[in-house]
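[1] this one's structure only:
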Ligand SMILES: Nc1ccn([C@H]2C[C@H](O)[C@@H](COP(=O)(O)O)O2)c(=O)n1
Ligand SMILES: [Zn+2]
């Protein structure tokens, strides 16, 4: 080995004082957190829903939340009981705004898909739904939704975590404190 090679190798030798972080978030926590974060963009005063579509390479290909259609001002369209005539659901927005194919993808949703969203999920070829809340399961639309998703063999999984909160802190350590 030449002196130059030996010097180059030496500079790559680790001091072994640092090991990998262990408290990083799991993929599932990460994708569901993205869905929950997207929901925070919703203007619906009663319920905010978010969705995040992920392909089999763990790449996010679509994100959406419930909101008024393009061109329909969310200052002018109603947010009371009439909102249902107009509002686009999170799942639909995530699918139609996706930047890549959604066939065979997984959709993370903060609320179990309604019957209308279930139809779009099925027709788009999404193969798995991971949902956070199932609080509307007692309603007919959601029973219909489950029936369709099951018949179409879309896998359904309720999201479980041992971490109820993920904090987002905009003061990044290292920016001002340590070198
Ligand atoms: N799968 C779903 C179900 C509902 N949403 C949206 C639509 C509305 O903005 C809101 C539900 O309002 P509520 O009937 O509880 O007053 O959630 C959705 O995006 N995706
Ligand atoms: Zn829906």
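    Perfect, I can see it now. All values reported here derive from a predicted model rather than from experimental measurement. Ligands and ions are numbered 1, 2, ... in the order given.
[2] got the residues of this protein near ligand 2?
    89, 114, 116, 117 (C-beta under 5 Å from the ion). No exception for glycine: its C-beta is placed from N, CA and C like everyone else's.
[3] What sits closest to the last one if chain neighbours are left out?
    Pointing back at residue 117 there. Spatial nearest neighbour of residue 117, chain neighbours left out: residue 91 (4.0 Å); criterion: C-beta to C-beta, 6 or more residues apart in numbering.
[4] Among the residues of the chain next to ligand 2, name the ones in helices.
    Residues of these located in helices (DSSP state H): 116, 117.
[5] contacts with ligand 1 among the residues of the chain next to ligand 2, please.
    Among those, the ones lying near ligand 1 by C-beta under 6 Å from any ligand atom are 89, 114, 117.
[6] Which of those has the largest number of neighbours?
    Using other C-beta atoms under 10 Å as the neighbour test, those are led by residue 117, with 25 neighbours.
[7] What confidence value was assigned to that one?
    Residue 117 is assigned 98 on the pLDDT scale.
[8] For it, list the residues it contacts.
    Contacts of residue 117 were listed using C-beta atoms under 8 Å, 6 or more residues apart in numbering, and they are 89, 90, 91, 92, 145.
[9] Filter those down to the buried ones.
    Taking 16 or more other C-beta atoms under 10 Å as the criterion, what is buried in those is 89, 90, 91, 92, 145.
[10] and the fourth one, how far is that from residue 69?
    The spacing between residue 92 and residue 69, counted by C-beta to C-beta, to the nearest Å, is 10 Å.
[11] and residue 77, how many residues sit next to it?
    What residue 77 shows, counting by other C-beta under 10 Å, is a neighbour count of 16.
[12] was I right about it contacting residue 86?
    Yes - checked against C-beta atoms under 8 Å, the pair residue 77 and residue 86 is within contact range at 5.1 Å.
[13] Name the residues contacting each of these two.
    Residues touching both residue 77 and residue 86 by C-beta under 8 Å, 6+ apart: residue 68.
[14] Please enumerate the strands of the protein.
    50-54, 60-65, 106-111, 128-133, 155-158 (DSSP state E).
[15] Closest to residue 39 out of the ones next to ligand 1 among the residues of the chain next to ligand 2?
    residue 89 (11.5 Å; C-beta to C-beta).
[16] tell me the contacts of that closest one?
    Residue 89 makes contact with 49, 66, 113, 114, 116, 117, according to C-beta under 8 Å, 6+ apart.
[17] ok, now how distant is it from residue 42?
    Here residue 89 is placed at a distance of 10 Å from residue 42 (C-beta to C-beta).
[18] Noted, bye for now.
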